[in-house]
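Visitor: Got a predicted model here, sequence first, then my questions.
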Amino acid sequence: LAQRWFRRCVETHVRCNLVDKKMTGWYPTRLIDLGSFDSEPRLIITKYTNMEGPYQGIPSSSIPRTFLDAMEIARRLEVRYIWIDSLCIIQDSRADWLKEASLMHQVYSGSLCNISATSGRDSSLGLFTKRDPSLLFPCRIKMSWNDRPESFYQIDYTSFWTSQVLDAPLNQRAWVVQERLLSPRVLHFGHQQILWECRELDAAERYPEKLPLALASGQGFYKALDPLTDDPHQQNEDNRGQKLKIFQGWYRILGTYSDSLLSNPEDKLIAISGIARKMQAIMPDNRYGAGLWLGYLPKTPYRAPSFSWASLDGSITPGWFTDASDTSQKIVADVVEVFVEPEAGDMIGPVKAGFVRIRGQL
């Protein structure tokens, strides 16, 4: 079933196969070469001669169960190379981690498929869980009610996408938000079934062809990045409606991201930087800083520097005015300089800039 979803998407989904031309020929710094089914995986450094070395073998006995299962899935999808962060990033090197983290958007955007251990709490549990296949199918009950003739009624579990994908353990992690969104397709391994997510299809073992519209709750979040999947060369920079749609998607993503968990709080910005980089590439005229798009911050017309009462609206309550020569008052700061630039040379009229410099203890 996973092979069918994968091939259908790769071969027929137009939106899922839009790749920026800049990604053509790009590879992560390191990849794992899976080789054949009976060979040991090997870590390769891709900058050497067309991905042919150097190699470093990885004994299967040292690889966590989840990663081994992911390698098996990749082989069955006929994919030779796989990228796993904890194997392809030097774990005790902060410099290497920072370098590779800045490339994360390219790793996931340029991938074929994200194999997601969605129900896993750690890498030792594997992708394949013990389950009862009969739980996938609806329960049929023969009954009558409200004086209607006896008939069969079907009871279906309609919130399985929420419980098995949206609220699953892996998807509570902040780093996974951009991993899931940037990947063109995601194969979820849930605790009861496998599920599929791409730009054109949400599906599960229970509904292998397509989720019914009433159950497609995953689309609201995953499709929030849809405007960014359009060919950037087709974007109209003057189309404010398109830009607004993109920024609305951004803030929907932030709503989910801000509710996710980070094991290292200092990763708050870098863990979503991949999505920000994708937006920046599409709209280079919008500056980004500290998680905000500066061009879309609320603005008010300038009329006075912030130290002036004229910069405020509403009633003010000034303190008692005192003589500067009054030595009974304790001075906590000295005014070193005051500068005001009038708009038309008239110091009594409108101003266009100003500042005050003070000296005191903090």
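Guide: It's in. Residues are numbered from 1 along each chain as shown.
Visitor: contacts and neighbour counts: CA atoms only from here.
Guide: Will do.
Visitor: which residues does Thr29 contact?
Guide: By CA atoms under 8 Å, 6 or more residues apart in numbering, the contact set of Thr29 is 45-47, 88, 100.
Visitor: hmm, try it at 10 Å
Guide: 44-48, 83, 88-89, 99-100, 103, 107 (CA atoms under 10 Å, 6 or more residues apart in numbering).
Visitor: From the centroid of the protein, which residue is nearest?
Guide: Taking CA atoms, centre = their mean, the centroid of the chain lies closest to Gln178, which sits 2.2 Å from it.
Visitor: Could I get the phi/psi values of that residue?
Guide: phi -70, psi -30 (degrees, to the nearest 10).
Visitor: In contact with it, which residues?
Guide: 104-105, 108-109, 225, 253, 257, 271-276.
Visitor: Can you give me the distance of it to Trp5?
Guide: 22 Å (CA to CA, to the nearest Å).
Visitor: what's the most distant pair in the contacts of Gln178?
Guide: The span of the contacts of Gln178, defined through CA to CA, is set by Ser109 and Tyr257 at 18.3 Å.
Visitor: quick one, which of those two is more surrounded?
Guide: Ser109 (26 against 22; other CA atoms under 10 Å).
Visitor: Tell me how far the more buried one lies from Arg180.
Guide: 10 Å.
Visitor: Show me the common contact partners of these two, please.
Guide: With CA under 10 Å, 6+ apart, Ser109 and Arg180 have no common neighbours.
Visitor: confidence score at Lys22?
Guide: On pLDDT, Lys22 comes in at 60.
Visitor: Could you shift the numbering so residue one becomes 43, and keep it that way?
Guide: With the count now opening at 43, the last piece we talked about shows up as Lys64.
Visitor: circling back to that earlier point, in CSV: the contacts of Gln220, plus pLDDT and distance to Tyr249.
Guide: What follows is the contacts of Gln220, written out as CSV (pLDDT from 0 to 100; distance: CA to CA, whole Å):
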residue, pLDDT, distance to Tyr249
Met146, 90, 32
His147, 88, 31
Tyr150, 93, 26
Ser151, 89, 27
Leu267, 62, 24
Ile295, 89, 26
Tyr299, 92, 28
Ala313, 93, 33
Ile314, 93, 32
Ser315, 92, 34
Gly316, 90, 32
Ile317, 90, 30
Ala318, 91, 34
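Visitor: Give me the subset of these lying in helices.
Guide: 146-147, 150-151, 295, 299, 315-318 (DSSP state H).
Visitor: between these, which is nearest Glu383?
Guide: Ala318 (37.0 Å).
Visitor: Neighbours of the closest residue to that closest one other than its chain neighbours, how many?
Guide: Computed as CA to CA, 6 or more residues apart in numbering, the closest residue to Ala318 that is not its neighbour in sequence is Tyr330, at 7.7 Å. By the measure other CA under 10 Å, the count of residues near Tyr330 is 16.
Visitor: what sits against Tyr330?
Guide: Under the criterion of CA under 10 Å, 6+ apart, the neighbours of Tyr330 are 318-319, 321-322, 336-338.
Visitor: same check, this time on Val398
Guide: 347-350, 377-382.
Visitor: need the helices for this structure, in chain order.
Guide: Under DSSP H, the chain gives helices at 44-54, 107-118, 127-130, 136-143, 146-151, 202-203, 216-224, 261-264, 268-271, 282-299, 315-324.
Visitor: can you tell me which residues contact Lys394?
Guide: 344-347, 382-386.
Visitor: Go again with 8 Å.
Guide: By CA under 8 Å, 6+ apart, the neighbours of Lys394 are 344-346, 383-385.
Visitor: buried ones in stretch 175-187?
Guide: Leu178 (16 or more other CA atoms under 10 Å).
Visitor: List every C-alpha atom in stretch 156-168, with coordinates, as PDB.
Guide: The C-alpha trace of stretch 156-168 is given here as PDB (Å, rounded to 0.1, in the frame of the first residue of the first chain):
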ATOM      1  CA  ASN A 156       9.800  11.600   4.900                       C
ATOM      2  CA  ILE A 157       9.500   8.300   6.700                       C
ATOM      3  CA  SER A 158       7.900   9.300  10.000                       C
ATOM      4  CA  ALA A 159       7.900   7.300  13.200                       C
ATOM      5  CA  THR A 160       4.800   9.200  14.200                       C
ATOM      6  CA  SER A 161       3.800   7.000  17.100                       C
ATOM      7  CA  GLY A 162       7.300   6.400  18.400                       C
ATOM      8  CA  ARG A 163       8.500   8.000  21.600                       C
ATOM      9  CA  ASP A 164      12.100   7.200  21.000                       C
ATOM     10  CA  SER A 165      14.300   5.500  18.300                       C
ATOM     11  CA  SER A 166      14.400   2.100  20.000                       C
ATOM     12  CA  LEU A 167      10.800   1.100  19.500                       C
ATOM     13  CA  GLY A 168      10.800   0.700  15.700                       C
END
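Visitor: State the mean pLDDT of that stretch.
Guide: 91.
Visitor: What residues does Gly99 make contact with?
Guide: Applying CA under 8 Å, 6+ apart, the residues near Gly99 are 82-85.
Visitor: Mind checking which of those residues are buried?
Guide: 83-85.
Visitor: and which of the residues you listed is nearest Gly162?
Guide: Pro83 (22.4 Å).
Visitor: and the nearest residue to that closest one once chain neighbours are set aside, how many neighbours?
Guide: Spatial nearest neighbour of Pro83, chain neighbours left out: Leu76 (4.6 Å); criterion: CA to CA, 6+ apart. Around Leu76 there are 20 other residues, counting by other CA under 10 Å.
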